[in-house]
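> for reference, the sequence and a predicted model appear below.
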Amino acid sequence: MQISIVVRQTSNVKQGHIQVIKEASSYLDQKDAKHLFLLSFNDRDPLAAKISALGWRVSSARRGEGVQGRFWASSSLIAVVDVRDASEDGLHAISKIAAGMDNSGIAILALADQAEQDGIAAKCHEAGATHFLDIANPHADLQQALNFAYRYVENIRGGREATRHLNKFLSQVDEQWSFSKVALDQAQISNKLRNNLSNIDFNRYPVTGIYRTLSGEERSRVRGAMGRLKTGSAQAAVTHYLNGEKVIHHLHDTGTSVHGRLERLIADDSEHDLPENGWAGRDLLSGLRNGSVARNWIRSRLERGDRVAVIIFGVRNFGTINSAYGRSVGDEIMRQIGQRLMAETIHLPSDSCITARMDGQNFMVARICENSPEGETEKSFDYAKKLLARNFGPVAVKGRDISLVACAGIAIEQGSRDESLLIRCAGLALAEAMVAGASPVKLCGSSEADLLLEQQLDSDLAYALEREEIAIALQPQIRVNTGQLVGAEALARWNHPRLGFLGASSLFPVAERAGLMKLLSSHIQKLAFATAAKWPVSLSFLRLSVNVTATDLSDGDFVATMMRNMTESGFPVERSTLEITESELIGNLSNAANCLLALREQGVRIAIDDFGTGYSSLAYLKNLPLDYLKIDSGLTKDISGSGKDQVVAKSIIDMARSLDLKVIAEGVETKEQLQILSELGCEYYQGFLCSGPIPPEEFERFALRSN
């Protein structure tokens, strides 16, 4: 395909548009010649990723409705139709594509499992497929099959046919733009895009014209899609509205320039894609319904009088994974989770259940309640736990198994007809589960008044730091055998002007929602070190423990920032201990090990917090530079129960001591618990048996009395 041919055949257009045609032709020479349309009903995203890795530019779909129009709009000459587990729909789609294009120089590659259905190859060819691949065969070569299809198109379509296809592309799907990554102030806008969006001043805003017409939420999604391009993805897509019509905006990065193309669904028959069920209501990354559709679904069920249970799932260590491996890996994890959840719930009637991706790392499953309130609570708990176990296990990306720490929040409609409050209630329960650590599933017990209060807290926190309302409390740490005070753990408290002191279970979920986790964590650490630096000389033997979050660990300047906070406060580095909840480490063990080793070499001591909460892994004890292991309070609470609980505690203590780690038990409340811990060889404890968290001045008096 030569640019000169295109320019000669369009010599009557304006010079400015010739440049657009050159851009489009050059782009097609590089990309569209290796561009295909994929329809896969059950395996779209993994298959699209596999084909993209082979060097193809893929436009994909998972539904057969409107397939003829979508294939036309994709400007492809090759269609790949995956008929596995969907032979009837797949054969219908093949016949639609073949009939619509008269099968003239169009390659249709059918992917099937030959063993799944006898004679499927013949049926595909009868429907109009030009090529067939038994993809389940271990010797199947997908790349070779695609190359055969491409050569088929080349042989049938020579110079004039190829030029006709380019002209068809420019006239039918010419709603596209491009800009050079070098000259960022210049963009090429096709005439059709200019004409269809005459309300946009492209002369004044050549690059940001479309962006300026979008809502705040849509702009955020576009920034996310462009961000994926910046982190290595060759293509991305985002939905938004233009002139009241919803479009799919395809983005492509060629290395030297960025191209955008608008896809509008072209109906090929009387079938219609309803917003709730069609491609327009889908999250393009995961393939699930999007948040808007999910909210509409819940609202409609509440309005007709149904009770609805909402479960929201979140990946606690997703930010750490993104920082450690890059956003492209994070996107792939979201895609795979979406595929898992879709397979898990696809058999359920759409009128009684919906599965959606809400935002970021959060997914939702909402369903109509069929039981009494008590029975529904139990059923929702069991269902949430089952979905967590089945769908949020390790994800394989680029040959690496990445472990996920997933939690769930549940909300069950209790009389309110407001879907926003119900979703927010589930979100608050999820936030509590994220912070709590001990239980991955939480039920929201908040009333409507409570939810409104939480909204107020969200806005209050931003000013709480300025007004110095964030304080610390210190909980004593005691030697088990002698009762000697050895140190303290610094815990965050919010001295709210109307509500009094709020603990970490209220503070950190608010900070997480408000995007203030990094700022809050740094503030607490600085405050803790500055407070301990004022202890009198007679208490110079005491250690101070501060907590480190996943947000801290993902910060590239974490080590330097932590050392600066300690040294500027004047508190001795060698008396400092950093506590890391083990669930914060999952999926980021290598990065965490490097950071913690660098700090330990400076004299800082490292503790694993909440060990035994269900995420315990020997990999942490083996690979991290640790000094202390802290037994979770839930395990301590049960230690005076059955003999099995004591066996578990003893095994943890013995293992820690064999690795030369000191053991601290949290949550000790009775003398019986303390006696058992002493017999098992535990060295330190903290808990209400000695003292709960107390203000710094009270702790200092406590320490002086104990000295």
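Yep, that arrived.

> so, low pLDDT: which residues of the stretch 101-250 of the chain?
Low-confidence segments of the stretch 101-250 of the chain, defined by pLDDT under 70: 101-105, 115-116, 151-152, 154-174, 182-186, 228, 231-237.

> which non-adjacent residue is nearest residue 676?
Of all residues not flanking residue 676 in the chain, residue 639 sits nearest, at 5.4 Å (CB to CB, 6 or more residues apart in numbering). Glycine gets a C-beta too; all of them are placed from N, C-alpha and C.

> tell me who's in contact with that neighbour.
Residue 639 sits next to 645-646, 649, 673, 676-677 when contact means CB atoms under 8 Å, 6 or more residues apart in numbering.

> that one and residue 483, how far apart?
For residue 639, the distance to residue 483 (CB to CB, to the nearest Å) stands at 19 Å.

> same deal with residue 673?
Using CB to CB, residue 673 is found at 15 Å from residue 483.

> residue 524 now?
For residue 524, the distance to residue 483 - CB to CB - is 29 Å.

> who has more neighbours out of these two?
Just comparing residue 524 and residue 483: by other CB atoms under 10 Å the higher neighbour count belongs to residue 524, 22 against 10.

> what about the closest residue in space to that one that isn't next to it in sequence, which helix or strand?
Excluding its sequence neighbours, the residue lying closest to residue 524 (CB to CB, 6+ apart) is residue 492, at 4.9 Å. Taking DSSP states H and E as the criterion, residue 492 maps to strand 485-496.

> ok, then the element right after that strand?
strand 500-502.

> who's in contact with that next one?
493-496.

> and which of these is nearest residue 508?
Set against residue 508, the nearest of these by CB to CB is residue 494 (9.8 Å).

> look up how far residue 508 lies from the residue nearest to that closest one when sequence neighbours are not counted.
Once flanking residues are discounted, residue 494 sits nearest to residue 502: 4.2 Å by CB to CB, 6+ apart. Distance of residue 502 to residue 508, computed by CB to CB: 10 Å.

> these two: which is more packed in?
residue 508 (23 against 17).

> mind checking which helix or strand that one is in?
Here residue 508 is assigned to helix 504-514, by DSSP H and E.

> name the next helix or strand downstream of that helix, please.
In N-to-C order, the element after helix 504-514 by DSSP H and E is helix 517-532.

> strand partners of the next helix or strand after that next one, parallel vs antiparallel please.
Next in sequence after helix 517-532, counting helices and strands by DSSP H and E, comes strand 543-548. Strand 543-548 pairs in its sheet with strand 485-496 (parallel), strand 576-581 (parallel), by DSSP bridges.

> quick check: which of those is nearest to residue 123?
So among those, strand 576-581 is nearest, using CB to CB, at 55.6 Å.

> tell me where the model's unsure across the stretch 501-650 of the chain.
Using pLDDT under 70, the stretch 501-650 of the chain drops low at 513, 582-589, 612-620, 642.

> recalculate using a threshold of 80.
Scanning the stretch 501-650 of the chain with the threshold set as pLDDT under 80 gives 505-506, 509-510, 512-515, 550-551, 554, 581-591, 610-623, 634, 638, 640-645.

> that older thread, quick check, nearest of the contacts of strand 500-502 to residue 531?
Using CB to CB, the contacts of strand 500-502 come closest to residue 531 at residue 493, 12.3 Å.

> alright, I will stop here.
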